[in-house]
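> what would the 3D arrangement of this be:
(one chain, ligands or ions: 2)
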Amino acid sequence: MGVRKGPVEDLIDRAGGCAVIDGGFATQLELEGADITDPLWSAVCLISDPDLIRRVHLQYLEAGADIIVTSSYQATIPGFLSRGLSIEAGERLLQRSVQLALEARDSFWKAHLRAPRRSYDRALVAASVGSYGAYLADGSEYSGRYGPDVGLEKLKDFHRRRLQIFVGAGPDMLAFETIPNKIEAQALVELLDEEQIQIPSLICFSSVDGEHVSSGESFADCLEIVNKSEKVAAVGLNCVPPQFIEHLICQFKKHTDKLIAVYPNSGEIWDGRAKKWLPSECYGDEKFTALAKRWRECGASLVGGCCRTTPSTIRSLSAALKSGPPLS
Ligand code: MET
Ligand SMILES: [Zn+2]
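Numbers count the residues shown, from 1 in each chain. Ligands and ions are numbered 1, 2, ... in the order given. This is a model prediction of the structure:
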C-alpha cells in the first residue's frame, strides 16, 4: 500500500523533494538572552518570556524553515507541577506553546502574502514532544536507561495527557524528539492508536554511537515498531552529531519506507550531568550545509538542525536544499 498523501508529503513536494525543519530552539532562545538553566529548560520561557518564543519562531520562519517545532520539548505537566503551578496552569502553558507557534506562522504567512519577497511556503507547526528522558532532565534521553520501574504503561501514562492537550491546541503535526530506546517507541505508537490521533507524527531517535539508538538497541528493531503505525509519517534522528547522519540514513533506508527526517546538532556534545556543551568536532553552517546536501541525496526529505544550530544554519540549508515554487 502506498503512503497516503498528507500535509507533510505536500510540503515536501512543494519544497521540491526536501523540506527544511527549523534549528535549535533552546539555542536561539539563549542567544537572544534567555536564561534557561532550569529543569524546564527552554520551556521555562513559556512562563518567563512568551514574546521571545514567538520572536524566535519568526526568526526561523524568516530563515526559511518549512516546519517550526514548538517550545515544549521539556514542557510537561509534572514538570510544571514541581514548579508550584496547578494542573490547569500547566495545561494552559502546553496549549500556549502551540498557540505561540501558530500565531507566528500565521502572522508571517499573512505578511508574506501581502508583500512576497522570496519563495516561502506556508510552514507547518509541529508540537514538540520530548522523550521521557528529556523530562527527567538527567541526560537519559542520550542513554535510554530509564531503569526497571519504567515500563510501557508508565511511559504511555506519562505521554498521554500532554499529547491530548497538544492535539487539542491544533498543531499540524507532532514531533517526538530524542527517543532513546525501543520501549518508548512502542509506547508512542500504541498511544497514537489508542488516542486516535488524526494529525501526522514524526518520530526522531537519538544515537550516541552512530550505529544504534542511544540505548544500544538496534534501529532495525525500533523501525520495525514504527513501521507498523500508519500514524507516523516520518522517522529519523535529532540531536545526533552530523558526522553520523549519512550512514544512519543508509541504515534507515534498509528498514523503512517512511519519510526520513534528520536534524542533527552542531557536533558539540551535551554533558547531561554537568549540563553544558563540551566542545568537540563542531560544524559551522558551511560544513553542515555541505553534509546536508548529501543527506538529501541519500534519501532524507526533511532536514534541519538541532542544538547549537541557529537561524543562520537554517538560512543556509534552505538556500541549498530547496528548489521551491517560484515567487508567488
Ligand atoms: C535536546 S534536543 C532539543 C530539541 C528542541 N526542539 C530544541 O531545539 O530546543
Ligand atoms: Zn538538540
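> every contact and neighbour count from this point should use C-alpha atoms.
Noted.
> shouldn't residue 60 be within a helix?
Yes - Residue 60: assigned to a helix according to DSSP: H, G, I helix; E, B strand; the rest coil.
> which residues touch it?
22, 23, 68, 311, 314 (C-alpha atoms under 8 Å, 6 or more residues apart in numbering).
> and these as JSON lines, adding pLDDT, secondary structure and neighbour count?
Output for the contacts of residue 60, formatted as JSON lines (pLDDT from 0 to 100; DSSP: H, G, I helix; E, B strand; the rest coil; neighbours: other C-alpha atoms under 10 Å):
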{"residue": "22", "pLDDT": "98", "secondary structure": "coil", "neighbour count": "29"}
{"residue": "23", "pLDDT": "98", "secondary structure": "coil", "neighbour count": "31"}
{"residue": "68", "pLDDT": "98", "secondary structure": "strand", "neighbour count": "29"}
{"residue": "311", "pLDDT": "98", "secondary structure": "helix", "neighbour count": "26"}
{"residue": "314", "pLDDT": "98", "secondary structure": "helix", "neighbour count": "28"}
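> out of these, who's nearest residue 94?
Proximity of the contacts of residue 60 to residue 94 (C-alpha to C-alpha) peaks at residue 68, which lies at 15.8 Å.
> gap between that closest one and ligand 1?
9 Å (C-alpha to the nearest ligand atom, to the nearest Å).
> please apply the same query to residue 25.
The gap separating residue 25 from ligand 1 is 4 Å, by C-alpha to the nearest ligand atom.
> where's residue 29, which helix or strand?
Here residue 29, judged by DSSP states H and E, is contained in helix 25-31.
> and that helix, is it in reach of ligand 2?
No - contact of helix 25-31 with ligand 2 (C-alpha under 5 Å from the ion) is absent, the minimum separation being 8.2 Å.
> mind checking if the helix or strand following that helix is in reach of ligand 1?
Downstream of helix 25-31, the first helix or strand assigned by DSSP H and E is helix 44-48. No - counting by C-alpha under 6 Å from any ligand atom, ligand 1 is not contacted by helix 44-48; separation bottoms out at 11.5 Å.
> name the residues of helix 44-48 that are buried.
44, 45, 46 (16 or more other C-alpha atoms under 10 Å).
> kindly report the same for stretch 155-163.
Residues of stretch 155-163 classed as buried: 155, 156, 158, 159, 160, 162, 163 (neighbour count, 16+ other C-alpha under 10 Å).
> just stretch 206-216 next, same as before
So, applying 16+ other C-alpha under 10 Å, buried residues of stretch 206-216: 206, 207, 208, 210, 211, 212, 213, 214, 215, 216.
> near ligand 1, which residues of the stretch 201-328 of the chain?
Residues of the stretch 201-328 of the chain lying near ligand 1 (C-alpha under 6 Å from any ligand atom): 239, 306, 307.
> now those as JSON lines including neighbour count, pLDDT and secondary structure?
Formatted as JSON lines, these follow (neighbours: other C-alpha atoms under 10 Å; pLDDT from 0 to 100; DSSP: H, G, I helix; E, B strand; the rest coil):
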{"residue": "239", "neighbour count": "27", "pLDDT": "96", "secondary structure": "coil"}
{"residue": "306", "neighbour count": "24", "pLDDT": "98", "secondary structure": "coil"}
{"residue": "307", "neighbour count": "24", "pLDDT": "96", "secondary structure": "coil"}
